[in-house]
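J.: everything below, folded, please.
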Amino acid sequence: MINQLHPYDTCEIRCPHEFSLESQKVLQLCYQPIIGVEAVALYLKFWAEAEQSSPTFHHHYLLDSLGFSIKQLFQARITLEAIGLLQSFSKASISATHYVYKLKRPLEASEFFADSILSVSLMRKIDRKAYQSLQDALVKREQSIQGFTEVTRSFNDVFLNVTEAELQNIEQFFPQQMGSTSSKSYPFEYDLFDFKLFMDGMSNSLVPSKLFTLDIKITIAKVAFLYNYSVTDMQKIVLMALNEDGSLSTTMIEKNAEDFYQLSSSGNVPKLLKRYEVDNVNVEQPVQKASSKEEHIRYLDTTSPIKVYEDMNGVLPSEATVMQFNDFLRQGISYGVLNTLIQYIAMSDGKLDYGAKLLQSIVDNWVSKGATNAAEAIRIATLEHDKRQGTGPTIRKVDRIPEQNIPDYVKDYELSTPYEFLKILTKGKEPFKGQIRIAESLVKSYGIAQGVANVIVQYVWNETNGKLPEKFVESVASEMRQKNIQSAEEALQYIEQRGTIPYKIGQDALGEFALSPQALVYDKTTPYEFLKQLYGGKEPVRFTVELAEQLVLAQKMPIGVVNYLMEYAMRETNGKMTKNYIQAVASNWLAHNLKSAADAIQLVEQEQAPKTKHKVTMDTPLAFKAQQKNLDNWLPRYDEVIPYEFLKGLKKGDEPLPYIVEMAENYVLTGGMTVGVVNALFEYVIVKSGRINKKFIDTLAFNVQMQNIMLAKDALQYFEQNNQKANVATITQANLLQFYPQNYEFADAESKYEKQTPYEFIKQLNNGQEPFDYTVKAAEKLITQYSMTPAVVNYLLEYVLEKTDGALPEKYINSVADSWRRNNLQTLGQAKDYVKRSEQKATVKKGVKVERVPEWFHKKEDLIETKNSEPASQDHVDLEAEHKKLLEQLRNYDGKVN
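T.: Below is the predicted model of the structure:
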């Protein structure tokens, strides 16, 4: 994102309003605690420049005058945009991009404190007492008019009446009002809240829909965002907020939301992450000076995961990675555990990545073993890492050189093993086993002197902010072997000279195209300068620059193409920039004979353009629109969206499962159903049950086809009517006992099976979801027609659910029931014994034997731990003797081992 801005892009400032003293007060006293000093400084700079006669300049001017880096400028800009103080517009040309920044006036103090998100955000930054004092100072209190009766005439009293239908039409024709209640409001995506699901629940609670005015809906969306409430939570809060006269007010919703939060949480406000937010969390520093280990633990426990990610990788995480971090925070995972995970992956030498499944599996493993903070997570991670990579360093000592022959400034290099030297670099913390392996390989595999190896490790460590990329280490080691460097002193001298060796491509090598109007910033910059800009002004890693120069000099790639390739590689690899990846991309691009950066950009855009993966596309006749004479009942959301996009929308943007997409498309292509009806069908099934049951969908699809339904609206109406008839169980609590034999003995411990109807039991198995009609009917049929007791049927349903991993297919239910009926299972005890015997038989058939485990086996870990520290006790087991004894028992008469 930061690469969107370039110092030499032009921009102009527009300020269509006056910036009053009152606005300045609100900006600095109310906005600044939330958005920070840099964002406020940028706003004031924009305002000052807008007062000039010609407020147009390069971004470079802003960087110099504010002392900002390009990253700081970008972060401050998008912060102003998000809070509603700035609108940004861009127009790209071949040579550069021109920006227009339009300033927006801060909210008035009364509007600011009336806004739920802004006011609570401010209160979280400053304490409640300071917040109240600030509100009293800025918001003027109105004189009380208690005892007076308002006689103000309304619009409807003077002008023509506006009907309810006309008001709905107005809201329909001006939907943009939902996104912004006034021109001064900040941009807030209200449609992220699922109002359809919310309104369905409220209609079931008999709450009139007319109560949900525009202001009420906006308040509901803001409160849900502020407290991270679900739709169900908001339904409860709105029901609590109903006044005695059946009305709703924004004030009551906000008050009940806060009360609900106090009751339902531990008081820790969830702090979600913004991708560009890299500041540490404010914590009180302890008075006593902590050790380096304690400082590191505190750093992990209190620092934003985005900051830790940037510290480890040199770049900010991608949007998808930040979303994964936020998911973990919502699950209650602490900063300490998450930050330990980030470091654990970063130090894995590319063997681990930030895939969602991998992250979740590691976190689940750590949490199951008790990790709640950084210290515990590090302990568990170290144990796990040791299991995979061995026990530690293999080089235990150095070939001692007489110390009097070693200069003092190189003694640490010459007299330390690679492991000991790594501990110096980590300030006493245990280095990762992968780092030890790389450092020791220089000595064991490449024959490099130990002092030289330590110099190489320190150099790479400093250049990569505490990492040891194996390829980088090998590159530097290769240079020193070619120079026949044998001592740490010589190695340090070479490293010092290495930084002064000029790069091969200078400004004179850019060529005439760099002066052309068609040239982009990539074509006008040397690889060294461009990589330095990519690294945010820091010195780029030398082997990366040399790799870029090699592509230009040896492979004859244009400089602009190479620069864009390096930017592309950094973006795609999250800053790792591996040699293999860069060379692979370069090989592909060379085949296209690219002449400039513009050609490379066009190639990437073509390759990344979405390719059609689905059978039903926009070219497929979507809903036989031409055959419809009357389109008044047309619902574009269903009738004009391909199944893939519709299913993706149901999952709120997540990728739908391929087999579900294929199933939906087959109904269109082979079943002859319209897209709108198929979309309505899948929405009904997924929302109703939360999972896909093909038999149920096939049944519904067949019924829809028999009804000759062609439009989504008609399908939705049919499903609603079908749902009202559904779940009408014939076995109820009133007649349940009549289906048991008179001599049946009930047990209190088994009441969940014996005292519930099949309908209630299946609903409980589905976590409260309404059961499917056919499942209830199938279960009741076993009771009413085949004389099975309700308790046995309920236990059978639970058994089938476990065996089928969450499904209740009718054929499977009947198959199991047939076996149980043939064995005359009439009580719950008989059914449980039968299942137990069946599973034991299945185990024997598989050849699994259960043997007695000797007691000494359970003591082996204790023995291993105490082996080197405690003398053997009298009851110590001699494993070697036990082993020989077992062999003797297995020997036959001729002494051979069976």
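J.: helices along the stretch 551-700 of the chain, start to end?
T.: In the stretch 551-700 of the chain, the segments counted as helices under DSSP state H, counting those that start in this stretch are 559-572, 579-590, 597-608, 636-639, 643-650, 658-669, 675-689, 694-706.
J.: make CSV out of the ones you listed and add mean neighbour count, mean pLDDT and distance to His6.
T.: Using the backbone N, CA and C atoms, a C-beta is placed for each residue, glycine as well. As requested, the helices of the stretch 551-700 of the chain are exported to CSV (neighbours: other Cβ atoms under 10 Å; pLDDT from 0 to 100; distance: least, Cβ to Cβ, whole Å):
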stretch, mean neighbour count, mean pLDDT, distance to His6
helix 559-572, 23, 88, 11
helix 579-590, 15, 83, 22
helix 597-608, 16, 82, 12
helix 636-639, 18, 80, 40
helix 643-650, 19, 85, 34
helix 658-669, 18, 83, 40
helix 675-689, 22, 82, 43
helix 694-706, 16, 76, 52
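J.: got those helices as JSON lines, with distance to Lys222 columns?
T.: Below are the helices of the stretch 551-700 of the chain laid out as JSON lines (distance: least, Cβ to Cβ, whole Å):
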{"stretch": "helix 559-572", "distance to Lys222": "34"}
{"stretch": "helix 579-590", "distance to Lys222": "44"}
{"stretch": "helix 597-608", "distance to Lys222": "35"}
{"stretch": "helix 636-639", "distance to Lys222": "25"}
{"stretch": "helix 643-650", "distance to Lys222": "23"}
{"stretch": "helix 658-669", "distance to Lys222": "33"}
{"stretch": "helix 675-689", "distance to Lys222": "25"}
{"stretch": "helix 694-706", "distance to Lys222": "37"}
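J.: quick one: which of these is nearest Asp714?
T.: In terms of Cβ to Cβ, the element of these nearest to Asp714 is helix 675-689, at 7.9 Å.
J.: next one: the closest one to chain centre, how far?
T.: 27 Å (Cα atoms, centre = their mean, to the nearest Å).
J.: which stretches of this protein form strands?
T.: 10-14, 56-58, 86-92, 97-103 (DSSP state E).
J.: nearest to Tyr812, out of the helices of the stretch 551-700 of the chain?
T.: helix 694-706 (10.6 Å).
J.: could I get that closest one in PDB with only the CA atoms?
T.: C-alpha atoms of helix 694-706 as PDB (Å, rounded to 0.1, in the frame of the first residue of the first chain):
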ATOM      1  CA  LYS A 694     -27.600 -32.900  -0.600                       C
ATOM      2  CA  LYS A 695     -30.600 -35.100  -0.100                       C
ATOM      3  CA  PHE A 696     -32.500 -32.200   1.400                       C
ATOM      4  CA  ILE A 697     -31.500 -29.900  -1.400                       C
ATOM      5  CA  ASP A 698     -32.400 -32.400  -4.100                       C
ATOM      6  CA  THR A 699     -35.800 -32.800  -2.500                       C
ATOM      7  CA  LEU A 700     -36.400 -29.000  -2.400                       C
ATOM      8  CA  ALA A 701     -35.100 -28.600  -5.900                       C
ATOM      9  CA  PHE A 702     -37.500 -31.300  -7.200                       C
ATOM     10  CA  ASN A 703     -40.400 -29.700  -5.500                       C
ATOM     11  CA  VAL A 704     -39.500 -26.300  -7.000                       C
ATOM     12  CA  GLN A 705     -39.300 -27.700 -10.500                       C
ATOM     13  CA  MET A 706     -42.700 -29.400 -10.000                       C
END
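J.: which strands or helices does it pack on?
T.: Here helix 694-706 touches helix 658-669, helix 675-689, helix 712-725, helix 773-784, going by 3 or more Cβ pairs under 8 Å, 6 or more residues apart in numbering; DSSP states H and E.
J.: mind putting those helices in TSV, distance to Gln756 included?
T.: Shown next, in TSV, are the helices and strands packed on helix 694-706 (distance: least, Cβ to Cβ, whole Å):
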stretch	distance to Gln756
helix 658-669	32
helix 675-689	20
helix 712-725	23
helix 773-784	11
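J.: so which of those gets nearest Lys210?
T.: Of all those, helix 712-725 comes closest under Cβ to Cβ, at 20.9 Å.
J.: elements contacting the closest one?
T.: With contacts taken as 3+ Cβ pairs under 8 Å, 6+ apart, helix 712-725 sits against helix 636-639, helix 675-689, helix 694-706.
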